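>>> Have a look at this fold, sequence not included:
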């Protein structure tokens with residue numbers, strides 16, 4: 001039987017499914033201390049036990065995104081605040097190549113907040 005977090009990634013439709021699965025694997029490989037957990041009905045990433053981000057699909061834009069828990073502490077030109085007070089998001093276009101360098105740079109800043 002699959003865990004709820006695995007079901008989330010497997011049950012999305014394409015092209016979201018492939019994009020989210022790639023993002024999941026890539027983020028988990030960025031640092032040995034990054035783990036994942038199903039919480040609040042969504043997949044969250046933790047760094048040394050602290051929530052740092054999550055993956056979801058933007059309802060209005062219909063694009064996957066990486067949510068950054070303490071995004072308000074990061075000054076990144078492509079992070080979007082919308083009506084969130086604490087979190088910011090990075091939209092990912094599933095029809096294009098995933099911006100790996102941008103994601104790596106973003107997570108370098110995120111991890112620096114907790115080191």
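Here it is on my side, so go on. Please read all numbers here as calculations on a predicted model, not as lab measurements.
>>> Setting aside sequence neighbours, what's the nearest residue to residue 72?
Among residues not flanking residue 72 along the chain, residue 86 sits closest, at 5.6 Å (CB to CB, 6 or more residues apart in numbering). All C-beta spots, glycine's among them, are computed from the backbone N, C-alpha and C.
>>> Make sure the one you found is indeed in a helix.
No. Counting by DSSP: H, G, I helix; E, B strand; the rest coil, residue 86 is not found in a helix; it is coil.
>>> Contact partners for it?
Applying CB atoms under 8 Å, 6 or more residues apart in numbering to residue 86 gives the contacts 69-72.
>>> Residue 11 too?
Neighbour list for residue 11: residue 17 [criterion: CB under 8 Å, 6+ apart].
>>> Please tell me how far it sits from residue 4.
Relative to residue 4, residue 11 is positioned 10 Å away (CB to CB, to the nearest Å).
>>> One more: residue 63?
Residue 63 is 23 Å from residue 4, by CB to CB.
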